[in-house]
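Asks: I would like to see how this sequence folds:
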Amino acid sequence: MKHFEKSWSQPLSGHKKFIAAMLSHSLSKLLNRRIFEVVNESFIDLQDWKSEQPDVIVYDIKDEYKPAMLIEFTDHAGLDSTIRTMEILSDLYHVPEAFIFDFETQKWFRINGHDVQESASSEKFGFNLQNILSQSLLQYSN
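Replies: Numbering: from 1, shown residues only. Below is the predicted model:
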């Protein structure tokens, strides 16, 4: 699970931080703030300061701030390692959905348990993360 520690040392870390912040901001406007809180770079378990820190976490406020969704951004070389890490974290913390975005190939992967699919669609929330990210980044394309 050392993936998250080394992921920031890559040359593209600025790009990764930027898209994570953009998606976090958009999700926080989209989701009901009385029920969900979207946090950029937070601990999965708010009671354990040694727990992993995915790029974006959606917490369920009404369920004692348990993680409802994890999102991690990676380059293509780190994809397999990130998938394995997210599978473990999803199981360990009982997270309904986890997503990985390979920012080099522009592909999303959805993890539900040990089922990994190429998909940006959240069944839990009923939206497509690629659409949200694309809309967020549009304002910076000019």
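Asks: who's in contact with the residue nearest to the spatial centre of the chain?
Replies: Among the residues of the chain, residue 71 comes closest to the average C-alpha position under C-alpha atoms, centre = their mean, at 0.8 Å. By C-beta atoms under 8 Å, 6 or more residues apart in numbering, the residues touching residue 71 are 20, 23, 54, 55, 56, 57, 58, 98, 99, 100, 101, 129. Glycine gets a C-beta too; all of them are placed from N, C-alpha and C.
Asks: Please name the nearest non-neighbouring residue to it.
Replies: residue 56 (3.9 Å; C-beta to C-beta, 6 or more residues apart in numbering).
Asks: With residue 44 instead?
Replies: Closest to residue 44 by C-beta to C-beta, 6+ apart is residue 51, at 4.6 Å.
Asks: can you pull the contacts of the one you found?
Replies: Going by C-beta under 8 Å, 6+ apart, residue 51 touches 43, 44, 45, 93.
Asks: before we move on, which element is the third one in?
Replies: So the one you mean is residue 45. For residue 45, there is no host helix or strand (DSSP states H and E).
Asks: try residue 47
Replies: Counting by DSSP H and E, no helix or strand carries residue 47.
Asks: For it, give its distance to residue 106.
Replies: For residue 47, the distance to residue 106 (C-beta to C-beta, to the nearest Å) stands at 36 Å.
Asks: now swap in residue 128 and tell me
Replies: Distance from residue 128 to residue 106, by C-beta to C-beta: 14 Å.
Asks: out of those two, which sits in the busier spot?
Replies: residue 128 (14 against 10; other C-beta atoms under 10 Å).
Asks: For residue 70, which three-state class applies?
Replies: strand (DSSP: H, G, I helix; E, B strand; the rest coil).
Asks: Now it. Nearest residue, chain neighbours left out?
Replies: residue 98 (4.2 Å).
Asks: just residue 41 next, same as before
Replies: With C-beta to C-beta, 6+ apart, the residue lying closest to residue 41 is residue 53, at 5.5 Å.
Asks: To what extent is residue 93 buried, counted in neighbours?
Replies: For residue 93, the neighbour count with other C-beta under 10 Å is 17.
Asks: Name the nearest residue to it, sequence neighbours excluded.
Replies: residue 44 (5.3 Å).
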